[in-house]
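*Asks:* Need a 3D model of the following:
(chains A and B)
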Amino acid sequence: MKLATWNVNSLRVRLPHLLDWLAANAPDVVCLQETKCEDGNFPSRELEAAGYSGIHHGQRGYNGVAILSRAGGMGVSRGIPAFADEQSRVIAADFDGVRVVSVYVPNGQSVGSDKYAYKLRWFEALAQWLASELAVHPKLAVLGDFNVAPEDRDVHDPLLWEGKIHVSAAERDALRRVVAVGLADAFRLFEQPEKSFSWWDYRMGAFRRNMGLRIDLVLLSPALAALCRSCRIDPAPRRLERPSDHAPVLCELAIP
DNA sequence: ATGGTAGAAACTCTA
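*Replies:* Down below sits the predicted model:
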């Protein structure tokens, strides 16, 4: 089973890139973030023509998460159950006995802002919910844009970013509490190239200079981590015309 | 300290 996650930064704008990428990589399940479209505008026909069905938790203009799959998901849930949230940031479903969660963690804007406080509250609710999910679903995979670079090696210039949004101690602690429910960062189960990042600012030629962060993660429960055979970032779509600012992350599990 | 770019939407916000 090939899992993937990609913050597409507008599903409608990125649809050609997405369809090409699906054809080239043939993933079984793909988590998307920042679809930025309402459920009524979800491009179901185009995706079905490519062999994928989608479930979507969208909203007008901002946010929006989806999961694409070959066979369709069972037991779809939207949002974090005990956390009232007007923003569409979580969708989950079962695929072949694997519980897959697509998450778009709040950006947080800047340390100390209202959005930062919301981000930290949101993380706490996520951790609590995932702890209960893991108890029910031993095969749990949480994929998405976490908007936190877990460690300094996930940051192109740790000194420049020290204490800033995506890197601050409170955000890293919040992410650590999510991982601590019993999940592994699949990317770090394997040897990886130095300076591997999944997001590069559109500005100042950041991608060309590899000034990025690794903030798009695949978190696996122990049962799935034991089956994980590879995890890598694919920077190819970031080189295209009109790219998303994020690259997709691919993860292979030894599940037929 | 600021500004740089992109997307959605609608003359501004979010990232």
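
*Asks:* what's near enough to touch the closest residue to A:R89 other than its chain neighbours?
*Replies:* With sequence-adjacent residues excluded and distances taken as C-beta to C-beta, 6 or more residues apart in numbering, A:R89 is closest to A:Y104, at 4.6 Å. The C-beta positions use only the backbone N, C-alpha and C, and glycine is treated the same way. With C-beta atoms under 8 Å, 6 or more residues apart in numbering as the criterion, the residues that contact A:Y104 are A:N7, A:Q33, A:E34, A:N63, A:G64, A:V65, A:R89, A:V90, A:G144, A:D145.

*Asks:* of those, list those near DNA strand B.
*Replies:* A:N63 (C-beta under 7 Å from any atom of the strand).

*Asks:* that older thread, and the residue nearest to A:R89, what are its bridge partners?
*Replies:* As for beta bridges, A:Y104 partners with A:D145 under DSSP bridges.

*Asks:* Pipe the contacts of A:Y104 into TSV and attach distance to A:A24, secondary structure and pLDDT per row.
*Replies:* Supplementary listing: the contacts of A:Y104 in TSV, determined by distance: C-beta to C-beta, whole Å; DSSP: H, G, I helix; E, B strand; the rest coil; pLDDT from 0 to 100:
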residue	distance to A:A24	secondary structure	pLDDT
A:N7	18	strand	98
A:Q33	20	strand	98
A:E34	21	coil	98
A:N63	27	coil	97
A:G64	24	coil	97
A:V65	23	strand	98
A:R89	28	coil	98
A:V90	28	strand	98
A:G144	22	strand	98
A:D145	22	strand	98
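
*Asks:* Which one (most neighbours) among the contacts of A:Y104?
*Replies:* For these, the largest neighbour count, defined by other C-beta atoms under 10 Å, is 30 neighbours, found at A:Q33.

*Asks:* On the strand side of things, show who that one bridges to.
*Replies:* Applying DSSP bridges to A:Q33 yields these beta-bridge partners: A:N7, A:V65.

*Asks:* That one contacts A:N7, correct?
*Replies:* Yes: counting by C-beta atoms under 8 Å, A:Q33 does reach A:N7; the two are 4.2 Å apart.
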